[in-house]
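J.: Got a predicted structure plus its sequence, pasted below:
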Amino acid sequence: MWYSNGLRTIDPDCRTGVNTMRKLVIAVAFSLAFGGVAVASDYIVVNSSDPAIKRGQAFDAGAKVALGAGKSITLMRASGELVTVRGAAAGATIPGAKLAAADAARFEAIRSLVQPPPEGRTFGARRGGICPAVESLVSLDDIVRTAETSGCKTVARQALDAYLTKNGAAPETQQN
C-alpha cells in the first residue's frame, strides 16, 4: 500500500522506524553469531598426554578432536563424570550427549579451576579461617561452592586436584 504525504510517495515498509528496527535486529543477530557469546561446552580437559590439547580446554559432546594414536585425554563433565578418550590415526570423537543449559554456570566455575592460575601478582587477600580446609572438600559441589567464595579459589584448585587424583585423573601426569 502506497500513500503520499503531499511531497512524495511513501512506501510504509521503508519508513525510518522500520529500517532502523531491521538494522538493529540484523546487528544483534551478527553480534550473537560472531561476538563470542559464552556458551558452555560439555567437557573440560583435566589431563592430556598430547601437548596440543591443553588442560582447561573445552569440548562439545560429539566433537572430532585431532588426537594422535597413542595419546589420550581425560575429560570431565560439570556433573563430575570423568571420561578418558584415546587417540587414533583419524583422531577421536568426544562421547556423550549435550548437557542441559542449566549446567553452564557450574561448567564455567569448574573450568576456571582447571585452567592454570593467572601468572604474576593477584590482588585480594585471603583472611585466615574463612576458607575451609582442602581435606574437608570431598565433593564437587563443595569445591565449586568454595571456588565462588571470595579469596578461596586457590583452596578450591587444590581440592579439585585432590578430587581428580582420587578419581583416577591425576593432573600431575599431564604432559603439556
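T.: Cool, got the structure. Numbering: from 1, shown residues only.
J.: What is the helix or strand hosting Phe107 packed up against?
T.: In the assignment (DSSP states H and E), Phe107 maps to helix 104-114. Helix 104-114 sits against strand 43-48, helix 140-147, helix 153-166, with contacts defined as 3 or more CB pairs under 8 Å, 6 or more residues apart in numbering; DSSP states H and E. Quick note: C-beta positions are derived from backbone N, CA and C, even for glycine.
J.: so can I have a markdown table of the ones you listed showing mean neighbour count and distance to Pro116?
T.: Formatted as a markdown table, the helices and strands packed on helix 104-114 follow (neighbours: other CB atoms under 10 Å; distance: least, CB to CB, whole Å):
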| stretch | mean neighbour count | distance to Pro116 |
| --- | --- | --- |
| strand 43-48 | 24 | 12 |
| helix 140-147 | 19 | 15 |
| helix 153-166 | 19 | 9 |
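J.: which one of those lies closest to Pro118?
T.: helix 153-166 (10.1 Å; CB to CB).
J.: Which residues does the closest one contact?
T.: With CB atoms under 8 Å, 6 or more residues apart in numbering as the test, helix 153-166 has contacts from 46-47, 76, 80, 82, 110, 112-114, 117, 126, 131-135, 137-138, 140, 142-144, 146-147, 170-172.
J.: Can you select the buried ones from those residues in PyMOL?
T.: Selecting only the buried entries of these in PyMOL, with 16 or more other CB atoms under 10 Å as the criterion:
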select buried, resi 46+47+76+80+82+110+112+113+114+131+132+134+137+140+143+144+146+147+171
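J.: tell me the contacts of the residue nearest to Asn167 when sequence neighbours are not counted?
T.: Nearest non-adjacent residue to Asn167, counting by CB to CB, 6 or more residues apart in numbering: Leu82, 5.7 Å away. By CB under 8 Å, 6+ apart, Leu82 lies in contact with Val46, Thr74, Leu75, Met76, Leu164, Asn167, Gly168, Ala169.
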